[in-house]
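Peer 1: Give me the fold of what follows.
(chains A, B, C and D)
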2 protein chains.
Amino acid sequence: MGLRETKMERTRQLIAETAFDLFVAQGYDATTIEQIAAAAEVGTRTLYRYYATKEALVVSFVENGLNAAMAAFEAQPDETPLPEALYAVVDSVEQTITANPARLLALYQIFHRTAGLRAGLADLDWSWRQRLAQEVLRRSDGTRDVLFATLTAASTMNVIEVVVQTWTADGGRTEIADITRSVLKLLRANAIPIPTAIRHDHST
Amino acid sequence: MGLRETKMERTRQLIAETAFDLFVAQGYDATTIEQIAAAAEVGTRTLYRYYATKEALVVSFVENGLNAAMAAFEAQPDETPLPEALYAVVDSVEQTITANPARLLALYQIFHRTAGLRAGLADLDWSWRQRLAQEVLRRSDGTRDVLFATLTAASTMNVIEVVVQTWTADGGRTEIADITRSVLKLLRANAIPIPTAIRHDHST
DNA sequence: TGTCACTTGGCAGTCACTGCCAAGTGACAG
DNA sequence: CTGTCACTTGGCAGTGACTGCCAAGTGACA
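Peer 2: Numbering: from 1, shown residues only, chains lettered A, B, ... in the order given. Below is the predicted model:
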């Protein structure tokens, strides 16, 4: 990596950190792009070259975590059974959070306080489900169909989302590993009801 | 409902329909609020009193469908077993789509084409999961905890989302009831892998 | 039918975001 | 070491989403 790229990477980081701090300090809406740019000592125009939208400044943090999780998934050998490979995903997210819980809580606060912001996660969530499903499909090696892959990806995302939501709702006091364990236990016990049509009893 | 409210309701509808048509005709981004307001023959300021954001104009359609589904859920007698009550939710969504498939496909096209727009669904999705979980919790009458309710709500939303996604991805050619059946069947057969930690075998 | 509360719409202003252009600065060859 | 080139930077002007404010219009109701 040349000096040029190094510098740009640093600028990229600096902008995100600066923005994050300002958001925490004075709220998302109350912080203008100009302020962030000024604090990070770059032009607003430059800032936009690094982050396309104001939302992206916040979402990028989540994105990094998800990218790491996807990498962990892809790093699993092809022979690894699906449940274990999927566990790598959940585990990676857990590690990201454990590494810096305070940051995630703060991040969550920002999302929570700013109605229109949570929205920015959707795109990420969506593309991520796609990627996950695709990888699941590839791994199943023709023995499974798209519906299976889509459902598997969605279910896994669910686990992550429920765990994170439960953890943050609790203010991060509970060990995240414990929450994960509980969630997976419920699922494995088939304790979660599945929508079922009413069976019309003809013996009446 | 007085004349006043009737009129407002009609205006509300008119604005949404007008916007929808324009979005379909020329795309979301290319359509300005002013255009919509002009076409619907109201002031832009008035338009904003009915729909807080441009996104809301599109999201409202999805919101209506979900509201109907939630109403169907709440309409179930408290004695109805959870799986059947949840089925009412899935069924309601199915009905909404069946009633006007073309509209949903068009709607989906708009969402699909406009990156930043899918985002608007997240908020909806989120608040809806909350509401669903809350109702599930109420129905379980103290016999279940929050985690159970959250997971149940998330799983049900998953079913809906996967069904709709599969249906739209296919261009609406497959009977939606068939997709629903397949999805529920996969779930009931426990065919979807659950993330599982590698069991370290100590006998080695 | 007159009063009142609510709805409407225009206007000015803020802020996110974009295209364009000129100046600065690493990269790289000679 | 140096000149050239490609890329990065930042200012500026412009568009469009969205808001506060205020004056005019219009159902509701006594």
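Peer 1: where are the low-confidence patches of chain A?
Peer 2: A:120, A:200-204 (pLDDT under 70).
Peer 1: Residue of it nearest DNA strand C, please.
Peer 2: residue A:2 (2.5 Å; Cβ to the nearest atom of the strand). C-beta here means a position set from N, CA and C on the backbone, and glycine is covered the same way.
Peer 1: Give me the phi and psi for that residue.
Peer 2: phi -70, psi 170 (degrees, to the nearest 10).
Peer 1: How about the contacts made by residue A:179?
Peer 2: By Cβ atoms under 8 Å, 6 or more residues apart in numbering or on different chains, residue A:179 lies in contact with A:163, A:166-167, B:147.
Peer 1: Farthest pair within the residues you listed?
Peer 2: Using Cβ to Cβ, those reach their maximum pairwise distance at A:167 and B:147, which is 11.0 Å.
Peer 1: For those two, indicate the residue with more neighbours.
Peer 2: residue A:167 (23 against 17; other Cβ atoms under 10 Å in any protein chain shown).
Peer 1: The residue of chain A at minimum distance from DNA strand D: what's it in contact with?
Peer 2: Closest residue of chain A to DNA strand D, Cβ to the nearest atom of the strand: residue A:43 (2.4 Å). Residue A:43 is in contact with residue A:37, counting by Cβ under 8 Å, 6+ apart.
Peer 1: okay but residue A:144 is in contact with residue A:138, surely?
Peer 2: No: under the criterion of Cβ atoms under 8 Å, residue A:144 makes no contact with residue A:138, lying 10.2 Å away.
Peer 1: The two - which one has more neighbours?
Peer 2: A count of neighbours by other Cβ under 10 Å puts residue A:144 above the other of residue A:144 and residue A:138, at 17 against 12.
Peer 1: Tell me the secondary structure at that one.
Peer 2: Three-state secondary structure (criterion: DSSP: H, G, I helix; E, B strand; the rest coil) places residue A:144 in coil.
Peer 1: Please apply the same query to residue A:174.
Peer 2: coil.
Peer 1: Next, give phi and psi for it.
Peer 2: Backbone geometry at residue A:174, expressed as degrees, to the nearest 10, gives phi -80, psi 140.
Peer 1: show me the contacts for it.
Peer 2: A:166-167.
Peer 1: any idea how far residue A:102 is from it?
Peer 2: Using Cβ to Cβ, to the nearest Å, residue A:174 is found at 15 Å from residue A:102.
Peer 1: tell me which residues of whatever helix or strand residue A:94 lives in are tucked away?
Peer 2: According to DSSP states H and E, residue A:94 maps onto helix A:82-99. For helix A:82-99, burial by neighbour count (16 or more other Cβ atoms under 10 Å in any protein chain shown) applies to A:82-83, A:85-94, A:96-97.
Peer 1: what does stretch A:23-41 give?
Peer 2: Of all the residues in stretch A:23-41, those buried under the rule 16+ other Cβ under 10 Å are A:23, A:28, A:31, A:36-37, A:39-40.
Peer 1: Residues in contact with that stretch: which ones?
Peer 2: By Cβ under 8 Å, 6+ apart, the surrounding residues in contact with stretch A:23-41 are A:11, A:14-15, A:18-19, A:22, A:43-44, A:46-48, A:54, A:57-58, A:106, A:109-110, A:113-114, A:117.
Peer 1: Can you flag the buried ones in these?
Peer 2: Listed as buried from the contacts of stretch A:23-41 are A:11, A:15, A:18-19, A:22, A:47, A:54, A:57-58, A:106, A:110, A:114, A:117; burial here means 16+ other Cβ under 10 Å.
Peer 1: What about the contacts of residue A:179, which are in helices?
Peer 2: Counting by DSSP state H, the contacts of residue A:179 place A:163, A:166-167, B:147 in helices.
Peer 1: a markdown table for those residues, including distance to residue B:64?
Peer 2: Output for the ones in helices among the contacts of residue A:179, formatted as a markdown table (distance: Cβ to Cβ, whole Å):
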| residue | distance to residue B:64 |
| --- | --- |
| A:163 | 31 |
| A:166 | 30 |
| A:167 | 33 |
| B:147 | 30 |
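Peer 1: ok, of these, which one's closest to residue A:197?
Peer 2: Residue A:197 lies nearest to residue B:147 out of the ones in helices among the contacts of residue A:179, by Cβ to Cβ, at 26.5 Å.
Peer 1: gap between the closest one and residue A:165?
Peer 2: According to Cβ to Cβ, residue B:147 stands 10 Å off from residue A:165.
Peer 1: how many other residues sit next to the residue of chain A closest to DNA strand C?
Peer 2: Around residue A:2 there are 7 other residues, counting by other Cβ under 10 Å.
Peer 1: In contact with it, which residues are there?
Peer 2: Residue A:2 sits next to no residue when contact means Cβ under 8 Å, 6+ apart.
Peer 1: Chain B versus that one, what's the distance?
Peer 2: Here residue A:2 is placed at a distance of 31 Å from chain B (Cβ to the nearest Cβ, to the nearest Å).
Peer 1: And the residue of chain A closest to chain B?
Peer 2: In chain A, the residue that lies nearest chain B is residue A:122 (3.3 Å; Cβ to the nearest Cβ).
Peer 1: Point out the residues in chain A that sit beside DNA strand D.
Peer 2: Residues of chain A lying near DNA strand D by Cβ under 7 Å from any atom of the strand: A:4, A:7-8, A:11, A:41-46, A:49-50.
Peer 1: Would you check which of the contacts of stretch A:23-41 are in contact with DNA strand C?
Peer 2: A:44, A:48, A:54.
Peer 1: Helix, strand or coil: sort out the second one for me.
Peer 2: In terms of secondary structure, residue A:48 is helix; the call rests on three-state DSSP.
Peer 1: Excluding sequence neighbours, find me the nearest residue to the residue of chain A closest to chain B.
Peer 2: residue B:122 (3.3 Å; Cβ to Cβ, 6 or more residues apart in numbering or on different chains).
Peer 1: Let's verify that neighbour: helix, strand, or coil?
Peer 2: With three-state DSSP as the criterion, residue B:122 reads helix.
Peer 1: Equivalent analysis for residue A:107, please.
Peer 2: With three-state DSSP as the basis, residue A:107 sits in helix.
Peer 1: just residue A:154 next, same as before
Peer 2: helix.
Peer 1: who's in contact with it?
Peer 2: Counting by Cβ under 8 Å, 6+ apart, residue A:154 touches A:129, A:133, B:158, B:161-162.
Peer 1: Alright, I will stop here.
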